[in-house]
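Colleague: Would you be able to build a 3D model of this:
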Amino acid sequence: MPNERLRDAMQSNGFSPASLAVQIGVDPKTVERWITQGRPPYPKYRREVAALVKESENYLWPNMLPEQKQVAVSESELVKTYPRRYAVPNDLWSRLLDQAQDFIGVLAYAGLFLPEQTDLIELIKAKAAEGTKIVILLGDPDSDAVALRGEEEGIKGAMAEKVRNVLAYYNQLEGTEGVYVGFHNTALYNSIYRFDNEMLVNTHIFGCPAAHAPVMHLRELAGGSMFRTFSDSFDKVWSASKDVWTNPVGKVKP
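Modeller: Numbers count the residues shown, from 1 in each chain. Have a look, this model is predicted:
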């Protein structure tokens, strides 16, 4: 079977089979076979190719690791669990934001705490100017999903107001190149805060505000699947979102 993931990753990063072959020191026909015939490269080349196309080995070649080893690697992706979101140290949020170079993603209903406790807007502007992609996905305040979450937390219409309040921050980013702010109408089971290959996953619990729910700190590892599961979920919500300012339906890449 052709390896469409590899083909797409190469194209997205500007590589042809010939140019990738030059970068890693193999024959272009070898790269063609990796794509058209789905032949897996040797481990050395898998690592190099994954780094060049900015994807994980597990994503490009999902069947290379034995299941038992993949489970063990996935477990190692869990760095730490915090019993409450407010227990996550402020300096961890700051470090993750400061160190992110390629991608910063926020998926929440409102996530009002983040711009309130950090100098988020100015930092995003600076990061975008350096070429970092920024994606902020907020619950549509007029959606059934936001209304339901407000009922579940016992705050009713206040959840929609929290979204409108956080927009007062994010509206300052309108027109900033490399920044996408979108509405979603998805029933979220977690809020996801992604910073390159690390993320904080804030679980959602019925009747419990997100600030009082556990948070998992994950770091992506080659061969793991837990980080990829959450990042894939993020992308699915993104693909169905609508731009807050221009309102097209569908995925808009910065």
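Colleague: for this protein, which spans come out with low pLDDT?
Modeller: Across the chain, the ranges flagged by pLDDT under 70 are 65-71, 246-254.
Colleague: Show the residue spans covered by the strands in it.
Modeller: Taking DSSP state E, the strands of the chain run over residues 78-82, 103-107, 133-139, 179-184, 190-195, 198-203, 215-219, 242-243.
Colleague: so Lys162 touches Leu112, yeah?
Modeller: Yes. With contact defined as Cβ atoms under 8 Å, Lys162 reaches Leu112; the gap is 5.2 Å. Yep, even glycine has a C-beta here, placed from its N, CA and C like the rest.
Colleague: related to what we said a few turns ago, the strands of the chain into JSON lines, with extra columns for distance to Phe15 and mean neighbour count?
Modeller: As requested, these are exported to JSON lines (distance: least, Cβ to Cβ, whole Å; neighbours: other Cβ atoms under 10 Å):
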{"stretch": "strand 78-82", "distance to Phe15": "31", "mean neighbour count": "14"}
{"stretch": "strand 103-107", "distance to Phe15": "19", "mean neighbour count": "23"}
{"stretch": "strand 133-139", "distance to Phe15": "19", "mean neighbour count": "23"}
{"stretch": "strand 179-184", "distance to Phe15": "25", "mean neighbour count": "21"}
{"stretch": "strand 190-195", "distance to Phe15": "24", "mean neighbour count": "22"}
{"stretch": "strand 198-203", "distance to Phe15": "26", "mean neighbour count": "21"}
{"stretch": "strand 215-219", "distance to Phe15": "26", "mean neighbour count": "20"}
{"stretch": "strand 242-243", "distance to Phe15": "30", "mean neighbour count": "15"}
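Colleague: of all these, which lies closest to Lys125?
Modeller: Nearest to Lys125 among the strands of the chain is strand 179-184; the distance by Cβ to Cβ comes to 8.1 Å.
Colleague: how near is the closest residue to Trp61 other than its chain neighbours to Ile155?
Modeller: Nearest residue to Trp61, sequence neighbours excluded (Cβ to Cβ, 6 or more residues apart in numbering): Pro40, at 5.2 Å. Distance, Pro40 to Ile155, by Cβ to Cβ, to the nearest Å: 51 Å.
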